[in-house]
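Chemist: build the 3D model from these lines:
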Amino acid sequence: MPDTKTPLEPRLRAYLQSVSVREPPLYRRLREETSHLPEHRMQLAPEQGQFLALLVELLGARRILEIGTFTGYSALWMAGALPEDGRLVCCDIRREWTDIAARYWDEAGLSDRIELRLAPALDTLDTLLSEGGAGGFDLAFIDADKGNYVNYYRRCLRLVRRGGVVCLDNTLWGGRVADPDDHGPDTEALRAFNALAHEDPAVSLSLVPLGDGLTLARRR
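Modeler: Sure thing, here's the model as predicted:
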């Protein structure tokens, strides 16, 4: 797993965080607990979490969809930015990770805004579509298995409303997407997604060099 920090030298990144990030102590505790897991490099950077919360506010989002929840750090940021009657649907398959998430969601008083669906995400997305959920979400955040990014993206574009945004993490993949000698399956999957999104007339697009690369696709 590539480094999830911003592509900045350490001193500048530390300055960025010092003048930008307003991480609540509870969120920091979750991030620190997650840092002890073998999979800790999957953890979202705090500046990314705060950016997602800002997107929720800018969009006036009331319904959010998350693909890949891990220990719930990004969900904390997004759910915390929702109005009291807002709803975040989280998709994951690992209970040992989401049990950690649930503890922090409960402590933050956000459990009533978060619905966790433990199942393969494609199944959950297809169920939402079959239940008439198309156009029912304001924001979707994808941070899961890279081989399915194209599949997640296509379904999420149907699930978000016009003017809604689909965000995808790790689209710079630690620089590997620009390395002509790297043909790993995840690298190739991300290249395929990046090329697809770049040519997609259905969205307005920007790949922001935040964290490990954050792609924003606004449905037109």
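
Chemist: next one: residue 90 from residue 21, what distance?
Modeler: From residue 90 across to residue 21, the span is 23 Å (Cβ to Cβ, to the nearest Å). The way it works is simple: take the backbone N, C-alpha and C, and place the C-beta from them, glycine included.

Chemist: out of those two, which sits in the busier spot?
Modeler: residue 90 (28 against 16; other Cβ atoms under 10 Å).

Chemist: tell me the SS of that one?
Modeler: strand (DSSP: H, G, I helix; E, B strand; the rest coil).

Chemist: so it bridges to which residues?
Modeler: Beta-bridge partners for residue 90, by DSSP bridges, are residue 66, residue 116.

Chemist: please tell me I have it right and it contacts residue 75.
Modeler: Yes. Under the criterion of Cβ atoms under 8 Å, residue 90 makes contact with residue 75 at 5.5 Å.

Chemist: if I look at those two, which residues touch both of them?
Modeler: Residues within reach of residue 90 and of residue 75 at once, by Cβ atoms under 8 Å, 6 or more residues apart in numbering, are 66, 69, 101, 114.

Chemist: which helix or strand contains the second one?
Modeler: Yep, that's residue 69 we're talking about. In the assignment (DSSP states H and E), residue 69 maps to no helix and no strand.

Chemist: so who does it touch?
Modeler: Neighbour list for residue 69: 75, 90-92, 97-98, 101, 116 [criterion: Cβ under 8 Å, 6+ apart].

Chemist: mind doing that once more with 7 Å?
Modeler: Residues in contact with residue 69 (Cβ atoms under 7 Å, 6 or more residues apart in numbering) are 75, 90-92, 98, 101.

Chemist: just the last one next, same as before
Modeler: For residue 114, the contacting residues are 75, 79, 88, 90, 105, by Cβ under 7 Å, 6+ apart.

Chemist: who wins for most neighbours among the residues you listed?
Modeler: Scoring those on neighbours with other Cβ under 10 Å, the highest-scoring entry is residue 75 at 31 neighbours.

Chemist: which residue is nearest the middle of this structure?
Modeler: By Cα atoms, centre = their mean, the chain has its centre lying nearest to residue 141, at 3.8 Å.

Chemist: now do the SS call for it.
Modeler: strand.

Chemist: how much space between it and residue 202?
Modeler: From residue 141 over to residue 202 the distance is 18 Å, taken as Cβ to Cβ.

Chemist: mean confidence for stretch 137-145?
Modeler: The pLDDT scores in stretch 137-145 average 98.

Chemist: list the buried ones in that stretch?
Modeler: Within stretch 137-145, the residues that qualify as buried are 137-145, counting by 16 or more other Cβ atoms under 10 Å.

Chemist: kindly report the same for stretch 151-168.
Modeler: By 16+ other Cβ under 10 Å, the buried positions in stretch 151-168 come out as 152-153, 155-157, 159-161, 164-168.

Chemist: now do stretch 179-188
Modeler: Applying a neighbour-count criterion of 16+ other Cβ under 10 Å, the buried positions in stretch 179-188 are 186-187.

Chemist: so what's residue 16 up against?
Modeler: Contacts for residue 16 (Cβ under 7 Å, 6+ apart) come out as 8, 47.

Chemist: other residues contacting stretch 172-192?
Modeler: Here stretch 172-192 has contacts from 2-3, 146-147, 149-150, 170-171, 194, 209, 212-213, using Cβ under 7 Å, 6+ apart.
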